[in-house]
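[1] okay, predicted coordinates and the sequence, questions at the end:
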Amino acid sequence: MTIRLTVQEALGDARQSPSADFIADLRRRHQMEAEIDRVLTRKMQNRAGAAYAPVSLERMAQHLNDFLRTKLDKPFSVRDLRWMTGGSSKLQLCFTLDWHGVDGSEPPHGTKMVLRMSPSESIVESSRLREFEILQALRGTIPVPETYWEDELAEYFPYPALVFAFADGVPKPATDNSQQVTGLGINYGPKLRPAVTQAFMQDLAAFHRPDLSAMNLPSFETPRIGSNAGVLKQVAMWRRIWDEDHGEEAPLIHLAANWLEDNAPVLDHVSIIHGDCRSGNFLISEDDGSITAWLDWELSVLGDRHQDLTWATSLAYAHIAEDGKTLLVNGMLPLDEFYAAYEKTTGLSVDPARIKYFRVYNAWAATIVCAATAYRAARGGKSHQDVVLTWLNGIGSGLLMEQLRQTLLEAMP
Amino acid sequence: MIPEIDTQLAAVMKSLADNVLPALDPSNALAGEQIQLCLATLGLIRGNLPLHHAYLRRDLAAHAELAAIISTLAESSGFATDFLCAEIVQAEAQLADPTQGPAENEAQSRRLKTAIAALVNATRNSIAARAIATVILAAEAQTTLRARAWCAGMGFEPAPQLLPALSDLL
């Protein structure tokens, strides 16, 4: 007799309702940084729980006021609270806080702020605590929003949260009429491009050569120079995310994972890695092309600078210049000139072998995000952007998987 | 006659576009974004639905063929592949059975891919590993091409005119 089954029934989808043993086995098999293990474990423990439900502005206002009462001694008031649109990962509201500053010593004034929260699951699972620490650590080194408070354990907000100042600037000029290779790159235009490029390189020099001894980053592990243990922990993280989230297996993912483990390079210098380092993740001034704020540090780690370099020079963020033929990576420079400018500005070398490695790593991680995590979050109704996630799932299954295949073909002898 | 799925989808899209979209508060940017995404997604589903069964059958057949090749390579290096062979046999039985629908074929395809992934990891660093990787890298070119053709309507392909029609790949 033929038995009719739904796919989930046929497979008894362990990932949709993970048991404690399933979660424990994942943690045992994949060793990674402690804070990352904690957020991934939380995700799995909550997976079979309620789907995402919209939270009203009235309720958010109540949460915000309750939270601020624990942080501020002087009188304050919240106004102009509204949801921000855009993005597939985080829930964000902006509001104006009329207050006397963090320590109550300032004259009354209004500060526009952002409340950033992680929904139940999203396209990237990350720690608001790590994001808080890295933003605080980078203040004074490069332009980042002033970051005030975190509620990683969601004691006051419905989801883990971060509060920081609203940053001035734009991600792209109003005149962007690019001929992007994909839809994601930004064309800064010939007038602003040199200044944006110079500012970008100078800021990379600052956070790729950080003074870690002066920074307080208790949630981050510092990888050892001369060892490849740091990058192997990152590979383990993405292997675990694949194991937790995929709807179906993909042989290419395992070929890539094995190659990445077998070819993991040793670290020569510890950099702060943004983790999503590209045009669009920093704001600029349209007046002079200066960078006004670096955003979206949720994937940041301490590690190898080539991870950021290969991400920024991905074809996804490139476009053709005004001459109709020159490819500008990250909307800035031709590839070889980009690397030369980086070396000159930072004093750090660009190693072709590690460029090759991190091209595979980034192609693999991007595929996991879209082919697996986007699927799983939408499947469970866990985010405020499930429809967007189904589109990202489509990109992951096709375009990104093909990019991974081609990157592996180039990398494997 | 039961309602046609295509007609239902078309009716839903038309109602959303004609009746719901114009009534939205223009200051609610999120609602406006979401309804446009929903309409676009329904359009994609409507376009692909007629090929869904054929797509999943092709995917199952392609991975059964791949599994058979890598199973032979693994066996020649001394690996036991009973678990993979069992899934290949089941896949072939399902492909020969017209009562098996998309859900059953997708489930078997997933079991097959799980077994293929297990073989990749089991044969890692063996003599057969390189040959298995070569076969997979070549075979998956067609898998990704089918997936890209399926998702072509999403508008992310840099040169969509170069993609074959999905029906030609099935």
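    Looks like it arrived, so ask away.

[2] can you list the weak-confidence ranges in the chain?
    By default, I'm working from chain A. Chain A contains residues with pLDDT under 70 at A:1-12, A:86-88, A:176-184.

[3] longest helix of it, counting residues only.
    Scanning chain A for the helix with the most residues, using DSSP state H, yields helix A:189-208.

[4] ok, B:Pro102 touching B:Ala54?
    No: B:Pro102 lies out of contact with B:Ala54 (CB atoms under 8 Å); the separation is 9.6 Å. For the C-beta atoms, the positions are set from N, CA and C on the backbone; glycine is no exception.

[5] sorry, back to before: check which residues of the longest helix of chain A are buried.
    Neighbour-count burial for helix A:189-208, counted by 16 or more other CB atoms under 10 Å in any protein chain shown, picks out A:189, A:192-193, A:195-201, A:203-208.

[6] identify the residue spatially nearest to residue 111, adjacent ones excluded.
    I went with chain A, as the question did not name one. Closest residue to A:Thr111 apart from its sequence neighbours, by CB to CB, 6 or more residues apart in numbering or on different chains: A:Leu97 at 5.3 Å.

[7] meant chain B actually
    Nearest residue to B:Arg111 in three dimensions, chain neighbours excluded: B:Glu87, at 5.4 Å (CB to CB, 6+ apart).

[8] coming back round to it: I'd like to know which of the buried residues of helix A:189-208 is nearest to A:Ile272.
    Using CB to CB, A:Phe207 comes nearest to A:Ile272 of these, at 4.3 Å.

[9] and what about the closest residue to the closest one other than its chain neighbours, helix, strand or coil?
    Leaving aside its chain neighbours, A:Phe207 sits nearest to A:Ile272 (4.3 Å; criterion: CB to CB, 6+ apart). Here A:Ile272 takes the strand state, with states given by DSSP: H, G, I helix; E, B strand; the rest coil.

[10] pull the contacting residues for A:Leu408.
    Counting by CB atoms under 8 Å, 6 or more residues apart in numbering or on different chains, A:Leu408 touches A:252, A:255-256, A:259, A:360, B:137.

[11] from chain A, how far out is the residue lying farthest from the centre of chain B?
    The C-alpha centroid of chain B is most remote from B:Ser27, which lies 38.1 Å away (CA atoms, centre = their mean). Using CB to the nearest CB, to the nearest Å, we find B:Ser27 at a distance of 10 Å from chain A.

[12] and B:Leu51, by the same measure?
    Shown here: B:Leu51 relative to chain A, a distance of 15 Å by CB to the nearest CB.

[13] quick check, that residue in a helix?
    Yes: secondary structure of B:Leu51 (three-state DSSP): part of a helix.

[14] was I right about A:Leu97 contacting A:Phe67?
    No: counting by CB under 8 Å, A:Leu97 stays clear of A:Phe67, with 11.2 Å between them.

[15] number of nearby residues for A:Met32?
    By other CB atoms under 10 Å in any protein chain shown, 20 other residues sit near A:Met32.

[16] buried residues of stretch B:33-48, list them for me.
    B:34-35, B:37-42, B:44, B:46, B:48.

[17] ok so, going back, and the very next helix or strand once past the longest helix of chain A, anywhere near chain B?
    Using DSSP states H and E, the helix or strand that follows helix A:189-208 towards the C-terminus is helix A:229-245. No: figure legend: helix A:229-245 not in contact with chain B (CB under 8 Å from any CB of the partner chain); closest approach 9.9 Å.

[18] could you export helix A:229-245 as PDB, CA atoms only?
    Provided in PDB are the C-alpha atoms of helix A:229-245 (Å, rounded to 0.1, in the frame of the first residue of the first chain):
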ATOM      1  CA  ALA A 229      41.900  27.300  15.800                       C
ATOM      2  CA  GLY A 230      40.000  30.600  15.500                       C
ATOM      3  CA  VAL A 231      38.800  30.100  11.900                       C
ATOM      4  CA  LEU A 232      38.100  26.400  12.700                       C
ATOM      5  CA  LYS A 233      35.700  27.600  15.400                       C
ATOM      6  CA  GLN A 234      33.900  29.800  12.800                       C
ATOM      7  CA  VAL A 235      33.700  26.900  10.400                       C
ATOM      8  CA  ALA A 236      32.200  24.800  13.300                       C
ATOM      9  CA  MET A 237      29.700  27.500  13.900                       C
ATOM     10  CA  TRP A 238      28.500  27.500  10.300                       C
ATOM     11  CA  ARG A 239      28.500  23.700  10.200                       C
ATOM     12  CA  ARG A 240      26.200  23.700  13.200                       C
ATOM     13  CA  ILE A 241      23.900  26.300  11.700                       C
ATOM     14  CA  TRP A 242      23.600  24.200   8.600                       C
ATOM     15  CA  ASP A 243      22.800  21.100  10.800                       C
ATOM     16  CA  GLU A 244      20.200  23.100  12.800                       C
ATOM     17  CA  ASP A 245      18.500  24.800   9.900                       C
END
